[in-house]
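Trainee: mind folding the following:
(2 chains)
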Amino acid sequence: MVFNNHSSISVPDEFLEHKNYVFNLLKSTVQNGENNSALLIGPRGSGKTLLINSVLADLEAVCDFEKDYVVIKLHGFFQTDDRIAIQEITRQLFLEEETAGRAFGSFSENLNFLLDSLKMADRKKAKSIIFIMDEFDQFCQHKNQTLLYNLFDVCQSAQAPMAVIGLTCRMDAISLFEKRVRSRFSHRQIYLLVKPDFTRYTETFVNLLQLVRAPPGLKPIYVRSWDKSIKDLAQDPLVEGTLKKLFNLNPKLRLLQNILLVAVCRLGKNHPFLSSKDIVSAIESQTTDCKTLQLAGLSVLELQLLLCMKYLDKIYFGEPCNYEMAFYEYTKQMKSSSMQKFDRQIAMKAMEHLETLELIRPVEGVSCSKVQKEFVVYHILITSEQLTAALSKYPNLPTEVKQLADTCL
Amino acid sequence: MEINSRKENLKAEIPHREQQIEILVDIIQSNALPPFLYVYGHTSTGKSLVVQRVIESVERVQYAAIHCIECLSPRFLYESVLEQLGSQERCDNANDFARYLKQLSDTRPICIVLDKAERMRDLSDGMIIPTLTKIPEFTGLNICIVLISEIPFEKFRCGTGSLDPIQIFFPQYSKEEILDLLMKECPQPEHSSLYQTYLSMILGVFLVACRDFCELRYIAAQHWEAFMEPIHSGEIDKTQSVKLWRHLEPKLRSSLNQVYVRGPDACGTQIGLKMELPFFSKFLIIAAYLASYNPARYDRRLFVKAKEGRKNKDKGLKSLKKQKLHNAARLMGPKVFPIDRLMAIFYSIVEERVTPSLNIFVQISTLVSLKLITHTGSAAMFQGVPKYRCNAGYDLVRSLARTVNFELGRYLYDTTV
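Mentor: Below is the predicted model of the structure:
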């Protein structure tokens, strides 16, 4: 089974300019000891991390990593407060032993000590530090934004050569800063905005599937014919059509990767090449509406209750309804039918099941302990299209329920 | 080929889940694990079992399986994952967790399986799932996070940052599949054809209400003895399935409540008979019920003891009932009433003269602490008239009324008229 991971996606052409900019920024920090700070802003999956990683790789080629600079990578999800962050910084600077016996009064003291110890290593010229802060907006949630304040403060007052690069998906990241932090920030913002482009999307589709580094054990002739089959696949009108649909739905590459992985999983000895059907069914399996699938697994009673609630929702213009109302509606429907009728208790259990599946949701603000559970009001979270789709696929659906659905929806 | 034999073994072990086993084995087999898998489907459709058996069958993967009900805080989650992976470190934040994962002595790829993942959404401000899904990227390790849940993934999308998972859906078993699965657990293999007729009877009654395999298995186990009884005693021959059905059906129907709901039948009556309340307390509950479910403007008509004029006015009530049945109090739930109204109704329905004393009011607060009546509006506790709402159901109140020989029906406006 073959799957080329991230490695085959390169930084898109339109970001090369940004890349050079960031690269020069970091280079001047490392070589000339300048202080810089910048924010990379772009939506999720736009390639921020990819860009920074490729910049760092290029930098390594130009400068001496051992001697000239240190990279500290922080991540907003993991360093959830400043204490953890400073520990992590210490660790990444390999200064744990130096700080082990010391007690620090304040955060800035701690940070300055770390910076000083870097200086001591070489008195003439201090090592530059590059901070890469992923999920930058999370750092703004920290108490008093101490970490950010201190980093930017060092940056601005040129105490030690360093660069702070933040990566975030929030367009309003600057407005999250406190005033004192904002005034110390360089206000360099780099926007990475992707224009969705279908031809590039299909190119990536081909790139992801092609065997760039053929793994050992595969015959070259297979590799060649595989690559050719992938190119043909991209031309296939059926695949192209579904890809287009997928692209219009969600152009993220991550989703495409997932889908291709599912498709590639179907390969085997008897089925050595991908067919257009594999791709289409993989896309289907990852993009079908989950709620419709779930509805298909409900019992008839549960579906009837949902239909009743939907009906009440319709006649009361979206007002929430409670169990009693739904059950009353249910008994009314069942009066003239030959179907098996159920008691309140059993209908209640069905209703509770619907709640655990979160197909219906109790209205907020009504605490459940104060009201009997029969009178807790619910909003229904299913659209009539989802119900119709699920009912049309339901095996052996009683005709009464079908008729009920026709009147309700 | 080894992979194929593995798949075949698993498929033989877990029937009717071929597609899911196929895809899971392929994914877990691959050299680079995907960072995030989301497995979902109804209860007891074999999600956890399949995931666990598949991962176990792949030797080059180590795994930790956690039930999220056990995790009150992220700390429990992190520590038990680390423990299962052979690390004894204490850990209460994501940063340390990621660090310890990097330091593990065992360098095989890791699968972290989280069952009942919907429970995790509330932990640490909802950031735990985005954080976990970022671990593979952050640590650079070959880790796969597998979430197992009943609800669709869209319910997990709160805030920001979580990856898009590969979704694997486990569909509900069809009727034939359930029958087949239940047949595998036949208690007496010598009666297997009989067991099949028995099962189709059971499914005929219960499948409309419930498609949960575990529930059905429990129900099937409960009634087998009752079904076999007449056959053993020789009353009915085992070929007469119609007779057997007639014998079993009433039992099944009557047991729908006890067995399926697993509670005493018609809870309200039972509790009402068992509950020993003071005489006046019972009347207070009844009064509270009447106050909650009758509109205040009909109080005069219902409770004024003078008989004259009542007949004429009944007509008005009748037309009202026709008008809006939907808005009947029974459907909308109890209304709030001030204490004055409760006391007025109370004095009117109690036959003997009661002096308004502290005792009565103490009983009200007892009922509040029993949650039979709730006090509403906490802010207005010490100012204005205290307001209450009846919290007892119709069944309970009716059975209470019977114990004190009170005709509840006469005083309810939607039954009297």
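Trainee: low-confidence ranges, the chain, go.
Mentor: You didn't say which chain, so I picked chain A. A:1-9, A:65, A:101, A:118-125, A:213-215, A:365-370 (pLDDT under 70).
Trainee: my bad, the chain I had in mind was chain B
Mentor: B:1, B:158-161, B:257-274, B:305-329, B:377-383, B:415-417.
Trainee: let me see the domain layout of it.
Mentor: B:2-170, B:175-261, B:271-416 (automatic domain parsing).
Trainee: ok, and which of these has the densest surroundings?
Mentor: Counting by mean count of other CB atoms under 10 Å in any protein chain shown, domain B:2-170 has the highest mean neighbour count of those, with a mean of 18. The C-beta positions use only the backbone N, C-alpha and C, and glycine is treated the same way.
Trainee: now the closest residue to chain A within the stretch 301-417 of chain B, nearest residue through space, not along the chain?
Mentor: Proximity of the stretch 301-417 of chain B to chain A (CB to the nearest CB) peaks at residue B:333, 3.2 Å away. Nearest in space to residue B:333, with sequence neighbours left out and distances taken as CB to CB, 6 or more residues apart in numbering or on different chains, is residue A:375 at 3.2 Å.
Trainee: residues touching that neighbour, list them.
Mentor: Under the criterion of CB atoms under 8 Å, 6 or more residues apart in numbering or on different chains, the neighbours of residue A:375 are A:322-324, B:332-334.
Trainee: just the ones of the residues you listed in strands?
Mentor: Counting by DSSP state E, the part of the contacts of residue A:375 found in strands is residue A:322.
Trainee: chain center to stretch A:242-255, what's the gap?
Mentor: On the basis of CA atoms, centre = their mean, to the nearest Å, stretch A:242-255 sits 15 Å off its chain's mean C-alpha point.
Trainee: identify the residues contacting the closest residue to residue A:144 other than its chain neighbours.
Mentor: What sits nearest to residue A:144 in space, not counting adjacent residues and going by CB to CB, 6+ apart, is residue A:178, at 7.5 Å. Applying CB under 8 Å, 6+ apart, we find residue A:178 in contact with A:144-145, A:149.
Trainee: distance-wise, check residue A:178 relative to residue B:84.
Mentor: 42 Å (CB to CB, to the nearest Å).
Trainee: of the contacts of residue A:178, closest to chain B?
Mentor: For those, the nearest to chain B is residue A:145 (17.6 Å; CB to the nearest CB).
Trainee: name the SS class of the closest one, please.
Mentor: helix (DSSP: H, G, I helix; E, B strand; the rest coil).
Trainee: that one contacts residue A:139, doesn't it?
Mentor: Yes: Residue A:145 is within contact range of residue A:139, at 7.4 Å (criterion: CB atoms under 8 Å).
Trainee: who touches the strand or helix carrying residue B:38?
Mentor: Applying DSSP states H and E as the criterion places residue B:38 in strand B:36-41. Strand B:36-41 has contacts (CB under 8 Å, 6+ apart) with A:290, A:297, B:27, B:47, B:51, B:133, B:136, B:144-153, B:163-172.
Trainee: render the CA-only coordinates of it in CSV, please.
Mentor: What follows is strand B:36-41 as a C-alpha-only set of coordinates in CSV (Å, rounded to 0.1, in the frame of the first residue of the first chain):
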residue,chain,number,x,y,z
PHE,B,36,-7.1,10.8,12.9
LEU,B,37,-9.8,8.1,12.5
TYR,B,38,-13.4,8.6,13.5
VAL,B,39,-15.5,5.4,14.0
TYR,B,40,-19.2,6.0,14.5
GLY,B,41,-22.5,4.1,14.5
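Trainee: helix or strand right after it?
Mentor: Next element after strand B:36-41 (DSSP H and E): helix B:47-57.
Trainee: by how many degrees do the helix or strand just after that next one and helix B:47-57 diverge?
Mentor: Remark: after helix B:47-57, the chain's next helix or strand is strand B:62-67, criterion DSSP H and E. Orientation of strand B:62-67 against helix B:47-57 (axes from the mean of the first three to the mean of the last three CA atoms, to 10 degrees) gives an angle of 160 degrees.
Trainee: got the contact list for the next helix or strand after strand B:62-67?
Mentor: Sequence-wise, the next helix or strand downstream of strand B:62-67 (DSSP H and E) is helix B:74-84. Helix B:74-84 is touched from outside by B:63-66, B:68, B:70-71, B:88-94, B:96-97, B:100-101, B:112, B:114, B:120, B:123-124, B:128, with contacts defined as CB under 8 Å, 6+ apart.
Trainee: spatially central residue for chain A, please.
Mentor: The C-alpha lying nearest the average C-alpha coordinate of chain A belongs to residue A:44 (CA atoms, centre = their mean; 6.7 Å).
Trainee: nearest spatial neighbour of it, skipping sequence neighbours?
Mentor: Excluding its sequence neighbours, the residue lying closest to residue A:44 (CB to CB, 6+ apart) is residue A:169, at 5.1 Å.
Trainee: do you know how far residue B:173 is from residue A:295?
Mentor: Distance from residue B:173 to residue A:295, by CB to CB: 16 Å.
Trainee: same question but for residue B:230, I mixed them up
Mentor: Distance of residue B:230 to residue A:295, given as CB to CB: 40 Å.
Trainee: buried only: go through the contacts of residue A:178 for me.
Mentor: Among the contacts of residue A:178, the ones that count as buried by 16 or more other CB atoms under 10 Å in any protein chain shown are A:145, A:149.
Trainee: specify the local secondary structure of residue B:92.
Mentor: Quick answer, by three-state DSSP: residue B:92 is coil.
Trainee: mind listing the strands for the stretch 101-250 of chain B?
Mentor: B:110-115, B:143-149, B:166-170 (DSSP state E, counting those that start in this stretch).
Trainee: and the ones you listed: which comes nearest chain A?
Mentor: Of all the strands of the stretch 101-250 of chain B, strand B:166-170 sits nearest to chain A, with 4.5 Å by CB to the nearest CB.
Trainee: can you tell if the closest one touches chain A?
Mentor: Yes: applying CB under 8 Å from any CB of the partner chain, one finds strand B:166-170 in contact with chain A at B:166-167, B:169.
Trainee: helices and strands around that strand, which ones?
Mentor: helix A:253-264, helix A:276-287, helix A:290-296, helix B:18-29, strand B:36-41 (3 or more CB pairs under 8 Å, 6 or more residues apart in numbering or on different chains; DSSP states H and E).
Trainee: got the angle between that strand and helix B:47-57?
Mentor: Using the same axes, to 10 degrees, strand B:166-170 lies at 120 degrees relative to helix B:47-57.
Trainee: given strand B:166-170, what are its sheet partners and their directions?
Mentor: If you go by DSSP bridges, strand B:166-170 pairs up with strand B:36-41 (parallel).
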